[in-house]
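Visitor: Using only what follows, build the 3D model:
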Amino acid sequence: KGYRIEANTPTGCFRALQTLSQVDRCCTIYDYPRFPYRGFMLDISRHFRDKDFILKQLDALASVKVNVLHLHLTDDAGWRLQIDSHPELTERAAWRKGRTWSEWNTTGQRYATAQDPEAAGGFLTKEDVREILEKAERLHITVIPEIEMPGHSKEVIRAFPALGCFPQSNEFCPGKEETFRFLEDVLDEVATLFPSPYIHIGGDEASKQDWGRCPDCLRRMEEEGLESKEELQSYLIRRIERYINGKGRSLIGWDEIL
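Guide: I've put the predicted structure just below:
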């Protein structure tokens, strides 16, 4: 004749409704999560997916009580987020020649503009993100943005060659103050847009191959008393962490940052 839900929070009530939608008999259910963080990562850099696709995924995630959507927004294969202070990111780095990552990767990793007849890709506008976040909030899902650094940043360096050690570098130059000004500009807009308590900065698979011969990196290492390229990467991560902490957020990343 009815049902009764008891929970400690509105989120618990919402999860209970998901459970009820999956049972068809009278019963009593005691349910609580084994893990407080139940995440799903969607990589829309290598394989772009638009707002409507992501909205559909949110419904699927909520039905199985996943409570975190980790959006991998930037990588070599494409920059996927509108940044007002640097529109070149979506003008020059959101489009490529190659519909799939495999096709792009095996045909020279070429970038394009939206006007190019061979262009594939796209990006989320800020309005797209707001719509995604509104639905995620209704479904009690936290959306965590990821902005990769210092590696997996080839697309940024192609849009802004001065941010690399050399014009053909594939990762940020931690020796240049210009690099940190750029990253702080981006993080300002990311933090304003996403209410998540976490901002993911990647941090994995940085080759650091140019750092040992880059005069800016060598100068930074001398000034900061750093003895290796690994310590130089830690300098970047710690500096960015302080900036993110200053906005009341916590930094997370892949295990290399440890």
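
Visitor: Report the strand of the protein that spans the greatest number of residues.
Guide: Looking across the chain with DSSP state E, the single longest strand is strand 142-149.

Visitor: What residues sit buried inside that strand?
Guide: Within strand 142-149, the residues that count as buried by 16 or more other C-beta atoms under 10 Å are 142-149. Glycine gets a C-beta too; all of them are placed from N, C-alpha and C.

Visitor: what do you get for stretch 188-204?
Guide: Quick answer for stretch 188-204 (16+ other C-beta under 10 Å): 189-191, 193-194, 196, 198-203.

Visitor: So for the chain, the centremost residue is which one?
Guide: residue 146 (1.6 Å; C-alpha atoms, centre = their mean).

Visitor: ok, that residue touching residue 72?
Guide: Yes: when contacts are counted by C-beta atoms under 8 Å, residue 146 is listed as touching residue 72 (4.9 Å).

Visitor: ok so, going back, let's see which of the buried residues of stretch 188-204 end up in helices.
Guide: Counted as lying in helices by DSSP state H, out of the buried residues of stretch 188-204, are 189-191, 193.

Visitor: Out of those residues, flag the one nearest to residue 98.
Guide: residue 190 (26.6 Å; C-beta to C-beta).

Visitor: Number of residues surrounding the closest residue to residue 20 other than its chain neighbours?
Guide: Distance criterion C-beta to C-beta, 6 or more residues apart in numbering; nearest residue to residue 20, sequence neighbours excluded, is residue 3 at 6.3 Å. When neighbours are counted by other C-beta atoms under 10 Å, residue 3 registers 11.

Visitor: ditto for residue 122
Guide: Using other C-beta under 10 Å: residue 122 sits among 18 other residues.

Visitor: Any figure for the gap between the closest residue to it other than its chain neighbours and residue 213?
Guide: Leaving aside its sequence neighbours, residue 122 sits nearest to residue 48 (C-beta to C-beta, 6+ apart; 5.1 Å). Residue 48 sits 35 Å away from residue 213, taking C-beta to C-beta, to the nearest Å as the criterion.

Visitor: Between those two, tell me which one has more neighbours.
Guide: Neighbours around residue 48 and residue 213, counted as other C-beta under 10 Å, are more numerous at residue 48. The numbers are 21 against 10.

Visitor: Skip the chain neighbours and tell me the closest residue to residue 180.
Guide: residue 239 (6.7 Å).

Visitor: any weak-confidence spans in this protein?
Guide: The chain contains no residues with pLDDT under 70.

Visitor: And the helices in it?
Guide: So, for the chain - with DSSP H - the helices run 10-20, 51-63, 88-92, 101-106, 126-138, 154-159, 177-193, 215-224, 229-245.

Visitor: Could you look over these and pick the most buried one?
Guide: helix 154-159 (a mean of 23; mean count of other C-beta atoms under 10 Å).

Visitor: Convert that helix to PDB, retaining C-alpha atoms only.
Guide: The C-alpha trace of helix 154-159 is given here as PDB (Å, rounded to 0.1, in the frame of the first residue of the first chain):
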ATOM      1  CA  LYS A 154      50.400  19.100 -26.500                       C
ATOM      2  CA  GLU A 155      47.200  20.700 -27.600                       C
ATOM      3  CA  VAL A 156      47.900  23.800 -25.400                       C
ATOM      4  CA  ILE A 157      51.400  24.200 -26.600                       C
ATOM      5  CA  ARG A 158      50.200  24.100 -30.200                       C
ATOM      6  CA  ALA A 159      47.800  26.900 -29.400                       C
END
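
Visitor: which residues are contacting that helix?
Guide: Applying C-beta atoms under 8 Å, 6 or more residues apart in numbering, the contact partners of helix 154-159 are 74-79, 86, 88-89, 91-93, 109, 111, 163-164, 167-172, 182.

Visitor: Equivalent analysis for stretch 101-116, please.
Guide: Defining contact as C-beta under 8 Å, 6+ apart, one finds that stretch 101-116 is touched by 46-47, 76-77, 91-98, 118-121, 154-155, 158.
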